[in-house]
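S.K.: Below is the sequence, then the predicted model.
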Amino acid sequence: MRSYIIRRLLLLIPTLLGITMVIFLAIQSIPGDPIEAYLGQYYEEELAASLRRQYGLDKPVYVQYVLWLGRLARGDWGKEVLSGLPVLEQILERLPISLELIFGAMIVALMVALPAGIISATRPYTASDYTAMTSSMVGISVPEFFGGILLVLLFSLGLGILPVQGYKPWSQGAAEHVTHMVLPVLTLGLTRGALLTRMVRGCMLEVVGLDYVKTARAKGSPEFLVICKHALKNALIPVVTVMGLQVGFLVGGSIVVETIFSVPGLGQYGINAIASRDYPAVMGFILVSSSIFVLANLTVDLVYAFLDPRIRYEN
């Protein structure tokens, strides 16, 4: 198990290097001169040449990449084009908000998927099963932006118990913070929960009929213990793998949700950077978003090894 963890950690290095290379080459391939776009109507050839030397844009692409990688390692991610503020500081300021949103959405998804999927699998082809499957199909079909609008109409405009949009930091009170985060978290989490519900149901149906589950029942174990201790642990193995992939969808969905509810997270920062063609901010946004996905999949691999003893024994 220890060697498996070490190998997975070592694989992070080439993976992150590959991500930085793809990001750098993608930005380099964008048509147009960034210096010319930056100067606009104030463009002068001498000034442009001076800025190219200052930022190293007059050097070959591979040299630019090595210099950029070195600046990343030193914590110098560049400055925003419009404001001149350090990109890394702006990202670190917004990153906890997006992580809170993504983590909360994943908790909501699991709180929906596990009980709904287990009940649906243990009572197949009943009213409970049909209700759970119909609800999950609707949840999968509704995009985040439309689901957010529906939740606003219900809880904000209809019942008047939650704010329409906006964000309040923890410093302004826990109650204010939580009430402003409920709708974004629900919007992002319910869609993922609908997908995981179908996954949990399918995996549980494959497991509940296996011999070791029948043996546990034959020994007189309570049904709750049979399901939770014997069936659910093995059924969660493929679900955990899917959860790792869902992190990518959560990162993408957070961009939409943060825009709808005016949450000043990483997604909204990325949208603003792309709209203003702020290349240092765009590169920082993509790098951090990709790193979140890579680290989430590393966590999934470690959890997978814990749930599946075959991996522990092989390693």
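M.R.: Perfect, I can see it now.
S.K.: Show me what whichever strand or helix holds Asp129 is in contact with.
M.R.: Under the criterion of DSSP states H and E, Asp129 resides in helix 127-141. Contacts to helix 127-141, defined as C-beta atoms under 8 Å, 6 or more residues apart in numbering, come from residues 116-117, 119-120, 123, 147, 190-191, 193-195, 197-198, 201. C-beta here means a position set from N, CA and C on the backbone, and glycine is covered the same way.
S.K.: Give the burial count for Phe293, as a bare number.
M.R.: For Phe293, the neighbour count with other C-beta atoms under 10 Å is 18.
S.K.: can you pull the buried residues of the helix holding Asp129?
M.R.: Applying a neighbour-count criterion of 16 or more other C-beta atoms under 10 Å, the buried positions in helix 127-141 are 129, 132-133, 135-136, 139.
S.K.: thinking again about what came up before, just the buried ones from the contacts of helix 127-141?
M.R.: Applying 16+ other C-beta under 10 Å to the contacts of helix 127-141, the neighbour count classes 116-117, 119-120, 147, 190-191, 193-195, 197-198, 201 as buried.
S.K.: Dump those residues to a markdown table, plus pLDDT, secondary structure and distance to Pro238.
M.R.: A markdown table is the format used below for the buried ones among the contacts of helix 127-141 (pLDDT from 0 to 100; DSSP: H, G, I helix; E, B strand; the rest coil; distance: C-beta to C-beta, whole Å):
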| residue | pLDDT | secondary structure | distance to Pro238 |
| --- | --- | --- | --- |
| Ala116 | 92 | helix | 17 |
| Gly117 | 90 | helix | 12 |
| Ile119 | 89 | helix | 19 |
| Ser120 | 90 | helix | 16 |
| Gly147 | 85 | helix | 26 |
| Leu190 | 90 | helix | 21 |
| Thr191 | 87 | helix | 20 |
| Gly193 | 90 | helix | 17 |
| Ala194 | 90 | helix | 17 |
| Leu195 | 88 | helix | 13 |
| Thr197 | 91 | helix | 14 |
| Arg198 | 90 | helix | 12 |
| Arg201 | 90 | helix | 12 |
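S.K.: so which of those residues would you say is closest to Ala235?
M.R.: Nearest to Ala235 among the buried ones among the contacts of helix 127-141, counting by C-beta to C-beta, is Gly117 at 8.6 Å.
S.K.: Could you measure from that closest one over to Met111?
M.R.: Distance of Gly117 to Met111, computed by C-beta to C-beta, to the nearest Å: 11 Å.
S.K.: cool, and Pro143?
M.R.: To Met111, Pro143 is 21 Å away according to C-beta to C-beta.
S.K.: List the buried residues for the helix or strand hosting Tyr212?
M.R.: Assigned by DSSP H and E, Tyr212 belongs to helix 211-218. For helix 211-218, the neighbour count (16+ other C-beta under 10 Å) marks 213, 216 as buried.
S.K.: do stretch 141-148 as well
M.R.: Buried residues in stretch 141-148, defined by neighbour count with 16+ other C-beta under 10 Å: 142, 144, 147-148.
S.K.: So Ile161 belongs to a strand, correct?
M.R.: No - read with DSSP: H, G, I helix; E, B strand; the rest coil, Ile161 is coil and lies in no strand.
S.K.: That one touches Phe155, doesn't it?
M.R.: Yes - with contact defined as C-beta atoms under 8 Å, Ile161 reaches Phe155; the gap is 5.8 Å.
S.K.: lowest-confidence helix or strand of the chain?
M.R.: For the chain, counting by mean pLDDT, DSSP states H and E, helix 309-314 ranks last in confidence among helices and strands (a mean of 59).
S.K.: re the thing from before, neighbour count: Ile161 and Phe155, which is higher?
M.R.: Remark: of Ile161 and Phe155, Phe155 carries more neighbours, 17 against 10, as counted by other C-beta under 10 Å.
S.K.: Which parts of the stretch 151-300 of the chain are helices?
M.R.: With DSSP state H, counting those that start in this stretch as the criterion, the stretch 151-300 of the chain has helices at 174-208, 211-218, 223-225, 232-261, 266-275, 279-307.
S.K.: Turn the ones you listed into CSV, including distance to Ile30.
M.R.: Shown next, in CSV, are the helices of the stretch 151-300 of the chain (distance: least, C-beta to C-beta, whole Å):
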stretch, distance to Ile30
helix 174-208, 30
helix 211-218, 55
helix 223-225, 57
helix 232-261, 20
helix 266-275, 11
helix 279-307, 8
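S.K.: And these: which comes nearest Ser83?
M.R.: Ranking the helices of the stretch 151-300 of the chain by proximity to Ser83 (C-beta to C-beta) places helix 279-307 first, at 9.4 Å.
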